[in-house]
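In: Take this sequence and fold it.
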Amino acid sequence: MKRYFLLFAALLASGLTVTEAVAQRADRLVSTDDMYQMPPAQVRTRWYTFENRNAEKGAGGQANFGRKGAPNTPLAAGDTLVLADISESGTVRRIWMTLFHMEPAALRGLRIEMYWDGASEPAVQAPLGDFFCMSLGRMTPFENALFSSPEGKSFNCIAPMPFRKAARIQLINESGTDNGVYYEVDVTLGDRHDDRMLYFHAYWRRENPTTLRQDYTVLPLIEGSGRYLGCNIGVRSDHRCTNFWWGEGEFKIYLDGDQEYPTLCGTGAEDYIGTGYGMNYFSHAYQGNNFVSEKKDAWGFYRLHVPDPVYFRKNIRATIQVMGGPAYPAMLESMNKYPELRFMKAGDGTEYYTREELEAHPEWSNVMERVDDYCSTAYWYMDRPESGLPAIAGFAERVADLP
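Out: Purely as a prediction, here's the structure:
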């Protein structure tokens, strides 16, 4: 398992096949064999922390006579903290962080950005919690192949992030409340990346509420070539419809010019993350549901396409249908409580369930269109440091109606 994990991390960064990576591993930190082999002389290890902000050789831990004088830094409301500012080639290997305050408003109010090779627009832009798979502003213990929070009080990312000449990672406090940060950005500098190198990207968005019979967009259309790495998704269900299953929507990936219909299409929300017939809490390497609210009206789940790569050559777009699968008595229960409700049948958008048919078949269940609150963070690699996507929503929209 360890050999495989280290190998796939290198493949993500380089775009190589397994055969090519094995052939070139003498020059790369790839498999467990390389753990006892020195890399090329120009490759150095550096940690960017507040104890050594520029990761300079022999310059760490000087504050307070070298006695843990600067393990953290305040981050006032409205301020920007540059976690790492690098002016040469390298690879981000690990990011760790924890905060003074980790309430939902802080997790949604702090925005993380990453810029590669001098780009003017960020390749990564997301609320801090959502970037680290805390999709609804709630800290939970979990671990997957790229992200983890061992006890639900820290943030870890080990997705490899290569760059050719520069990198900048920063944290912006848009929450309106002062906070503070402990952090560590672990990198190797001097790595040589060939022309098949792909840049790491992440993008957050939210629709609150979604539009009836319109699929929620996880990743808007982007142009370029690369590899879709996966996503985390948060769902807050319509308060009038929490008594029945919300997650019948199929996940769709539109590849290289797909228009009305996608090339890749799943079978349901819980199926997409490898389970079936609803979802409860679990956290596995490539799929999981790491948040379920006490009222069973909100969920946060993820899927990482590591063993099952999704490549694109021209463009890509990813969506998920907003659909439920209620039993007929559950629909009647909601309609009795909220007389204004009408439930649209899945199909061409012209048919609705009638009270008469629901009452006539109490043993039946079926698929219906829903309107809920969806948010997501998509992760991918691509051949350019800018995606062309707009800035993410502001703090007020990000924090509204959190469960």
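In: chain center to stretch 351-360: distance?
Out: Chain-centre distance of stretch 351-360: 39 Å, with C-alpha atoms, centre = their mean, to the nearest Å.
In: for stretch 206-219, that is, sorry about that
Out: Counting by C-alpha atoms, centre = their mean, stretch 206-219 comes out at 17 Å from the chain centroid.
In: CA atoms of it as PDB?
Out: What follows is stretch 206-219, C-alpha atoms only, in PDB (Å, rounded to 0.1, in the frame of the first residue of the first chain):
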ATOM      1  CA  ARG A 206     -22.400  27.000  -4.000                       C
ATOM      2  CA  GLU A 207     -26.000  27.100  -5.100                       C
ATOM      3  CA  ASN A 208     -28.400  28.000  -2.300                       C
ATOM      4  CA  PRO A 209     -30.900  27.000  -3.400                       C
ATOM      5  CA  THR A 210     -30.400  24.900  -6.600                       C
ATOM      6  CA  THR A 211     -32.900  25.300  -9.500                       C
ATOM      7  CA  LEU A 212     -35.600  22.700 -10.100                       C
ATOM      8  CA  ARG A 213     -34.600  20.100 -12.800                       C
ATOM      9  CA  GLN A 214     -31.200  21.800 -13.300                       C
ATOM     10  CA  ASP A 215     -28.100  19.800 -12.400                       C
ATOM     11  CA  TYR A 216     -25.800  21.300  -9.800                       C
ATOM     12  CA  THR A 217     -22.400  22.300 -11.300                       C
ATOM     13  CA  VAL A 218     -19.500  20.900  -9.300                       C
ATOM     14  CA  LEU A 219     -16.800  22.000 -11.900                       C
END
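In: Tell me the buried residues in it?
Out: For stretch 206-219, burial by neighbour count (16 or more other C-beta atoms under 10 Å) applies to 206, 207, 210, 213, 215, 216, 217, 218, 219. (Each C-beta comes from the backbone N, C-alpha and C, glycine too.)
In: what residues are up against the fifth one?
Out: With contacts taken as C-beta atoms under 8 Å, 6 or more residues apart in numbering, residue 215 has the following neighbours: 249, 252, 319, 320, 321, 322.
In: Tabulate the residues you listed (CSV), appending pLDDT and neighbour count.
Out: Formatted as CSV, those follow (pLDDT from 0 to 100; neighbours: other C-beta atoms under 10 Å):
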residue, pLDDT, neighbour count
249, 98, 28
252, 98, 19
319, 98, 20
320, 98, 24
321, 98, 23
322, 98, 27
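In: Following element in sequence after the lowest-mean-pLDDT helix or strand in the chain, please.
Out: Using mean pLDDT, DSSP states H and E, the weakest-scoring helix or strand in the chain turns out to be helix 18-24, at a mean of 37. As assigned by DSSP states H and E, the chain's next helix or strand after helix 18-24 is strand 44-48.
In: following that next one, which helix or strand comes up?
Out: Following strand 44-48 toward the C-terminus (DSSP H and E): helix 63-66.
In: what's near enough to touch residue 309?
Out: By C-beta under 8 Å, 6+ apart, the contact set of residue 309 is residue 227.
In: Tell me where the stretch 101-250 of the chain has helices.
Out: 104-109, 128-131 (DSSP state H, counting those that start in this stretch).
In: before we move on, back to that, name the nearest of the buried residues of stretch 206-219 relative to residue 379.
Out: Nearest to residue 379 among the buried residues of stretch 206-219 is residue 219, at 9.1 Å by C-beta to C-beta.
In: Now do the closest one against residue 281, distance only.
Out: Distance, residue 219 to residue 281, using C-beta to C-beta, to the nearest Å: 25 Å.
In: Next: residue 104.
Out: Taking C-beta to C-beta, one finds residue 104 at 18 Å from residue 281.
In: higher neighbour count, these two?
Out: More crowded of residue 104 and residue 281, by other C-beta atoms under 10 Å: residue 104, with 19 against 15.
In: Local confidence estimate at the closest residue in space to the more buried one that isn't next to it in sequence?
Out: Spatial nearest neighbour of residue 104, excluding adjacent residues (C-beta to C-beta, 6 or more residues apart in numbering): residue 137 at 3.0 Å. Per-residue pLDDT puts residue 137 at 94.
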